[in-house]
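Visitor: Please work out how this folds:
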Amino acid sequence: MEKNKPKKKRVTKKQLQRRRIGGLIVLLILIFLICKGCASCASCMCSKCDTVKESIKPVATGETTVTSATTVVTTTPLPPETLVTTLPESYEIDVPEVLQGTELPTGSEITALTMVLNYLGFEVSKTELAMNYLTCADRGTATFSQAFIGSPFDSTGLGCFAPVISNTAQKYLKSQNSGRNVKILNADSFDDVLLRIASGYPVMVWVNQDLEPCQEEYCFTLYGDGLVSDAASEFKPAVTSDPVVSGVPAVVTVKTTVSTTAVTTAPAATEPLSKQDIYWIPNATCVVLSGFDLNNGTVTVIDPAKGKVTYDMGMFKTSYNALYKQAIVIY
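Guide: Below you'll find the model as predicted:
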């Protein structure tokens, strides 16, 4: 049996060396192919499969992924005052009525401003405006164009002119970060006022209460250097005679003289002191002009003391002229 068993083929040393080299070459080829394939896959994942990679990225347990988006708020600036070119036969704005009542017995100006601001969408009360935004001063310390003389909460309060209400409106609008503008019209033509109404802007207008003529009265005298003149310079040129509000355009008389008598408030007894007499119209009031009718010759106003009233347009214009053509619009 031993004699029939085939003999093992002997492998020479040279053949064994070749086999080892061949196996090594095959192993290197396999490693090269594997590396090439991985690189190709990695390239694909980077250039084309970012979304997939993000989706398979492990997330720690209990971790919440929040996607935050930045919201860009664009504020469209308010357009400039846009007016109609021609007056329609009639026009009326639905302005909410606010009465001055017992809270503000002399506060027609601030109440009129409240109505206009409420119409424009601002939720503000007449008392809030009066307490926090209206500049007030005692008699003899400022003009009616610089401050409300007295207090609108007091029946002995007097009033103020358009610049004071304009400043009050500007302060309030600034506190609300509003881009609206406040404009003192001081229009020579009453049609300029009516154009604002026809364009959708209610207008605050100074007139006589119930359009009744009233004698302008001396109120007090201011002393000091660099005095600021009142309505005479801000609305009309000064005149030398005392005007009577009786249906013709009138202006405030500002009498500026040099006093040769020493005054206790003067910087020095030897220096001349400026003197300014201030006049006031006792029945002056501020209303909101909200409509007009050219065919009937009437205007519609919201009177802070009475509510909605219709007046003859000619009489209203006369009273408007007598109060130095003062009007304010907010747009």
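Visitor: Which neighbouring elements make contact with the helix or strand encompassing Lys183?
Guide: Assigned by DSSP states H and E, Lys183 belongs to strand 182-184. Contacting strand 182-184 under the criterion 3 or more CB pairs under 8 Å, 6 or more residues apart in numbering; DSSP states H and E are the following elements: helix 162-175, strand 327-330. All C-beta atoms are positioned from the backbone trio N, CA, C, and that covers glycine.
Visitor: That one: what's the following helix or strand?
Guide: Toward the C-terminal end, the helix or strand that comes next after strand 182-184 (DSSP H and E) is helix 190-198.
Visitor: related to what we said a few turns ago, can you list the helices and strands packed on strand 182-184 in JSON lines and add distance to Ile34, mean pLDDT and mean neighbour count?
Guide: Below are those laid out as JSON lines (distance: least, CB to CB, whole Å; pLDDT from 0 to 100; neighbours: other CB atoms under 10 Å):
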{"stretch": "helix 162-175", "distance to Ile34": "73", "mean pLDDT": "98", "mean neighbour count": "20"}
{"stretch": "strand 327-330", "distance to Ile34": "79", "mean pLDDT": "97", "mean neighbour count": "24"}
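Visitor: looking at these, which is closest to Val124?
Guide: Relative to Val124, the nearest member of the helices and strands packed on strand 182-184 by CB to CB is helix 162-175, separated by 6.7 Å.
Visitor: CA-only coordinates of the closest one, as CSV, when you get a sec.
Guide: Extracted as CSV, the C-alpha positions of helix 162-175 are listed here (Å, rounded to 0.1, in the frame of the first residue of the first chain):
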residue,chain,number,x,y,z
ALA,A,162,-51.0,126.4,17.1
PRO,A,163,-47.3,126.0,17.7
VAL,A,164,-48.0,124.6,21.2
ILE,A,165,-50.4,121.9,19.9
SER,A,166,-48.0,121.2,17.0
ASN,A,167,-45.2,120.5,19.5
THR,A,168,-47.5,118.4,21.7
ALA,A,169,-48.5,116.3,18.7
GLN,A,170,-44.9,115.9,17.7
LYS,A,171,-43.8,114.8,21.2
TYR,A,172,-46.6,112.2,21.3
LEU,A,173,-46.0,110.8,17.8
LYS,A,174,-42.3,110.5,18.6
SER,A,175,-43.1,108.5,21.8
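Visitor: what's that helix packed up against?
Guide: Helix 162-175 packs on helix 108-119, strand 182-184, strand 203-208, strand 327-330, going by 3+ CB pairs under 8 Å, 6+ apart.
Visitor: Now tabulate those in TSV and tack on distance to Asn295.
Guide: As requested, the helices and strands packed on helix 162-175 are arranged in TSV below (distance: least, CB to CB, whole Å):
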stretch	distance to Asn295
helix 108-119	25
strand 182-184	29
strand 203-208	21
strand 327-330	23
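Visitor: Of these, which is nearest Asn283?
Guide: strand 203-208 (5.2 Å).
Visitor: quick one: average pLDDT of that closest one?
Guide: On average, the pLDDT along strand 203-208 is 98.
Visitor: Residues contacting it, please?
Guide: 109, 112-113, 116, 161-162, 165, 185, 193, 196-197, 214, 245, 281, 283-289, 301, 316, 319-320, 322-324, 326-329 (CB atoms under 8 Å, 6 or more residues apart in numbering).
Visitor: Direction included, what does it pair against?
Guide: Each strand that pairs with strand 203-208, with its direction, by DSSP bridges: strand 284-293 (antiparallel), strand 327-330 (antiparallel).
Visitor: immediately after it, which helix or strand?
Guide: strand 214-215.
Visitor: Adjacent strands (with direction) for the helix or strand just after that following strand?
Guide: Scanning forward in sequence from strand 214-215 by DSSP H and E, the next helix or strand is strand 217-223. Applying DSSP bridges, strand 217-223 is found paired with strand 273-280 (antiparallel).
Visitor: and the partner strand, which residues are buried?
Guide: Leu273, Lys275, Gln276, Asp277, Ile278, Tyr279, Trp280 (16 or more other CB atoms under 10 Å).
Visitor: same check, this time on stretch 192-203
Guide: Buried residues in stretch 192-203, defined by neighbour count with 16+ other CB under 10 Å: Val193, Leu194, Leu195, Arg196, Ile197, Ala198, Ser199, Tyr201, Pro202, Val203.
Visitor: Do a quick rundown of the helices in this protein.
Guide: Chain-ordered helices for the chain, with DSSP state H as the definition, fall at 13-47, 50-56, 108-119, 126-132, 162-175, 190-198, 231-234, 313-322.
Visitor: before we move on, the earlier item: can you redo the strands paired with strand 203-208 as CSV with distance to Phe220?
Guide: Shown next, in CSV, are those (distance: least, CB to CB, whole Å):
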stretch, distance to Phe220
strand 284-293, 16
strand 327-330, 25
